[in-house]
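# got a structure for you, letters missing:
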């Protein structure tokens, strides 16, 4: 939908501000969901002195800078995570509006971006992927595909067929589940955590079966590049991994088991999230460009991308 330039500028600014505000809530989810706490009550408080945080000390990014990254009450340092999450979410919301415009897809993919930000930072901190994001996300992706079927033209949604969403969710979950079982069978050690299975199923519901394949390929490339870089840096630094990556505390989650094991384990959720974002913005266009480079007729590919 074409809108006046002045209104477009307003929505650009609104997207950024809204993203920063949602990012502040993402921080609450990142800190509280792994601990089994409510994200509604109590109100935001300092984790050190437990004093409530006033509204003027809770302005995304700005308050962290004005306070010098310290609690006003006790002077305890405030983690860099807070402004980083708020800033990333703000930029992602801005990018979604800039890419998809004033369409149905924009609020949908803003919500998806917020969920992937939460997943990324929880997995980096705790080696788990919160069910609060992945499980509702699977059903949300399928519901959005029904919206795409109702408005196939002009919605800008990546999936406009419920069959594509269902196939994406099923394929995403099945691929990683089988990889996990094969890894355990052959290597006799944990493979993918089940949280990764649900996360890729969620991405499949939003991006379709082609999105699953593209996301998994990109995630493997990104994860391999980072993992190999860490190994090389460790070898150059003469470090050892005898103590493993975790605290050694027993937990039921598969990722927690990996943390206690020696070896080069890295959480895979952030790479799936980043790869999913890359495919969301560029995936279908990249596939079409590759198809055109092969001089194949585009009309044969479009139904495949739409899951028809």
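Received it, and whenever you're ready, just let me know what you need. Everything quoted here is computed from the prediction, not taken from an experiment.
# list phi and psi for residue 210.
Residue 210 has phi and psi values of phi -70, psi -30 when expressed as degrees, to the nearest 10.
# what's around it, how many residues?
By other Cβ atoms under 10 Å, the residues close to residue 210 number 24. Bear in mind the C-beta positions are built from the backbone N, C-alpha and C, glycine included.
# now it: how far from residue 234?
Distance, residue 210 to residue 234, using Cβ to Cβ, to the nearest Å: 36 Å.
# next: residue 16.
Residue 16 is 39 Å from residue 234, by Cβ to Cβ.
# looking at these two, which is more packed in?
Taking other Cβ under 10 Å, residue 16 and residue 234 do not tie; residue 16 has more neighbours (19 against 13).
# just after the strand or helix carrying the more buried one, pick out the following helix or strand.
Under the criterion of DSSP states H and E, residue 16 resides in helix 5-32. Next along the chain after helix 5-32, taking DSSP H and E as the criterion, comes helix 62-66.
# report the buried residues of that next one.
Within helix 62-66, the residues that count as buried by 16 or more other Cβ atoms under 10 Å are 63-64.
# so residue 23 makes contact with residue 91?
No - taking contacts as Cβ atoms under 8 Å, residue 23 lies outside contact range of residue 91: 9.4 Å.
# let me see the domain layout of this protein.
As recorded under automatic domain parsing, the domains making up the chain are 1-89, 103-305.
# now, of these, which is deepest in the fold?
Of all these, domain 103-305 has the most neighbours on average by mean count of other Cβ atoms under 10 Å, namely a mean of 18.
# so how far is it from its chain's centroid?
Taking Cα atoms, centre = their mean, to the nearest Å, one finds domain 103-305 lying 8 Å from the centre of the chain it belongs to.
# wait, isn't residue 120 in contact with residue 270?
Yes - at 4.4 Å, residue 120 counts as touching residue 270 under the criterion of Cβ under 8 Å.
# quick one: low-confidence parts of the stretch 151-300 of the chain?
Applying pLDDT under 70 to the stretch 151-300 of the chain flags the ranges 189-192, 238-265, 290-292, 294-300.
# mind checking which of the domains of the chain is nearest residue 96?
domain 103-305 (4.8 Å; Cβ to Cβ).
# so which residue is dead centre in the protein?
In the chain, the C-alpha nearest the mean C-alpha coordinate belongs to residue 116, at 2.0 Å (Cα atoms, centre = their mean).
# let me see the contact set for the closest residue to residue 134 other than its chain neighbours.
Nearest residue to residue 134 in three dimensions, chain neighbours excluded: residue 198, at 3.9 Å (Cβ to Cβ, 6 or more residues apart in numbering). Listed by Cβ atoms under 8 Å, 6 or more residues apart in numbering, the contact set of residue 198 reads 129, 131, 134-135, 138, 173.
# with respect to residue 152, which of those is nearest?
residue 138 (22.0 Å).
# okay, the domains of the chain in JSON lines with distance to residue 97 next?
Converted to JSON lines, these look like this (distance: least, Cβ to Cβ, whole Å):
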{"stretch": "domain 1-89", "distance to residue 97": "4"}
{"stretch": "domain 103-305", "distance to residue 97": "6"}
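# which one of the ones you listed lies nearest to residue 95?
Taking the domains of the chain one by one with Cβ to Cβ, domain 103-305 is closest: 7.1 Å.
# assign residue 283 to helix, strand or coil.
Reduced to three states with DSSP: H, G, I helix; E, B strand; the rest coil, the structure at residue 283 is helix.
# how close does the closest residue in space to it that isn't next to it in sequence sit to residue 200?
Among residues not flanking residue 283 along the chain, residue 214 sits closest, at 5.0 Å (Cβ to Cβ, 6+ apart). Distance of residue 214 to residue 200, computed by Cβ to Cβ: 11 Å.
# sorry, back to before: adding distance to residue 43 and secondary structure, write the contacts of residue 198 out as CSV.
Formatted as CSV, the contacts of residue 198 follow (distance: Cβ to Cβ, whole Å; DSSP: H, G, I helix; E, B strand; the rest coil):
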residue, distance to residue 43, secondary structure
129, 27, coil
131, 25, helix
134, 27, helix
135, 27, helix
138, 31, helix
173, 37, helix
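# for residue 75, state which of those is nearest.
Nearest to residue 75 out of the contacts of residue 198 is residue 129 (Cβ to Cβ; 34.2 Å).
# okay but that closest one is in contact with residue 199, surely?
Yes - with contact defined as Cβ under 8 Å, residue 129 reaches residue 199; the gap is 5.2 Å.
# quick one, grab the pLDDT at residue 46.
We have a pLDDT of 83 for residue 46.
# in what helix or strand does residue 158 lie?
For residue 158, there is no host helix or strand (DSSP H and E).
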